[in-house]
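Peer 1: Need the 3D shape of this:
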Amino acid sequence: MNPKELRNKIRKGDFTGHTSGVCGDYVQANLAIVPKEYAFEFLLFANRNRKSCPIIDVLEAGEFESELAPGSDIRTDLPQYFLYRNGQLTEQVKELRDIWQDDFVSFLIGCSFTFESELLKEKIPLKHIAANRNVAMYITNIATKPAGPFRGPVVVSMRPIKNELVQKAIEITARFPDMHGAPLHVGNPAAIGIHDISKPNFGEYVEIEEEETPVFWACGVTPQSVAIHADIPYVITHAPGHMFVTDVTNSEFLSRQLRS
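Peer 2: A predicted model of the protein is given here:
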């Protein structure tokens, strides 16, 4: 499938799963939607926490087509969404048209699924993709830098990496600063507040072998943890692992970064 075909399948309800390993050569994005009244403060929050929330597109109030995917519809083209009302997760839905408001501002946030294809091309195995699982994600004890009502702990994604390939993985992912970049932490999970690595807060666990090191990247699910602390009428996000797939290839995106 190319991204447009995937989005059409999602829109028709024919694809409802996670997007890890899907359309691997194309940029994927996390989603956060807030009412216009809170949009500047969320933008400020994202700028203060670029490792977790690198913004790659902003749709103005009421808009739902991203310039990264002509013909797309942010209300229907992600497999699943989380709805938070006044700090509570109230619903998990497959589209947003019934609740859409003209004052909703949408933020697309860089996603580590983008650099996964580059890791695979460089012969770095990714066990969750091989097992067709969603990547494991954990709430840490690392605090974000607050802005207005937005605050809360950083969320990370974890991938077991062969010990001898850890440095190579660090170097590859560092080339993608708008997709969370280099890891936030390498090694001991307890050092960042993860006391049972076998029980992720989101996604699915994959076993870490003796010859592997757990490597943790900042994650675009951080807005979900922030939404719980933000007592505002609406925060809408993607369901963890269920991304917006754009029409921009990884190489095209890297070229744009280099030109800017």
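Peer 1: what pLDDT does V93 get?
Peer 2: V93 is assigned a predicted lDDT (pLDDT) of 96.
Peer 1: show me the contacts for it.
Peer 2: Applying C-beta atoms under 8 Å, 6 or more residues apart in numbering to V93 gives the contacts Q80, Y81, L83, I99. Backbone N, C-alpha and C define where each C-beta goes, glycine included.
Peer 1: Look up which residues are beta-bridged to it.
Peer 2: Y81 (DSSP bridges).
Peer 1: F40: neighbour count?
Peer 2: For F40, the count of nearby residues is 13 (other C-beta atoms under 10 Å).
Peer 1: Could you look up the SS state of it?
Peer 2: Here F40 is helix, with the state taken from DSSP: H, G, I helix; E, B strand; the rest coil.
Peer 1: next one: S66
Peer 2: Secondary structure, three-state DSSP: S66 is coil.
Peer 1: still on that earlier bit, would you list the contacts of V93 in CSV and tack on neighbour count?
Peer 2: What follows is the contacts of V93, written out as CSV (neighbours: other C-beta atoms under 10 Å):
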residue, neighbour count
Q80, 17
Y81, 22
L83, 18
I99, 14
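Peer 1: just the residues you listed now: which is nearest I194?
Peer 2: Nearest to I194 among the contacts of V93: Q80, at 24.6 Å, using C-beta to C-beta.
Peer 1: from memory D247 sits against L68, does it?
Peer 2: Yes. Here D247 reaches L68: they are 6.6 Å apart, a contact under C-beta atoms under 8 Å.
Peer 1: Quickly note the distance from the residue sitting furthest away from the middle of the chain to I124.
Peer 2: The centre of the chain is farthest from one residue, E210, which by C-alpha atoms, centre = their mean lies 28.2 Å away. Look at E210 and I124: by C-beta to C-beta, to the nearest Å, they are 18 Å apart.
Peer 1: Then T144?
Peer 2: For T144, the distance to I124 (C-beta to C-beta) stands at 28 Å.
Peer 1: Residue ranges in the chain under the pLDDT threshold?
Peer 2: The chain contains residues with pLDDT under 70 at 257-260.
Peer 1: residue boundaries of the strands in it?
Peer 2: 26-35, 55-59, 81-85, 88-93, 104-110, 136-143, 153-162, 185-186, 212-218, 235-238, 244-249 (DSSP state E).
Peer 1: can I get those strands in JSON lines with distance to D196?
Peer 2: Converted to JSON lines, the strands of the chain look like this (distance: least, C-beta to C-beta, whole Å):
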{"stretch": "strand 26-35", "distance to D196": "25"}
{"stretch": "strand 55-59", "distance to D196": "32"}
{"stretch": "strand 81-85", "distance to D196": "23"}
{"stretch": "strand 88-93", "distance to D196": "22"}
{"stretch": "strand 104-110", "distance to D196": "27"}
{"stretch": "strand 136-143", "distance to D196": "9"}
{"stretch": "strand 153-162", "distance to D196": "12"}
{"stretch": "strand 185-186", "distance to D196": "16"}
{"stretch": "strand 212-218", "distance to D196": "12"}
{"stretch": "strand 235-238", "distance to D196": "24"}
{"stretch": "strand 244-249", "distance to D196": "31"}
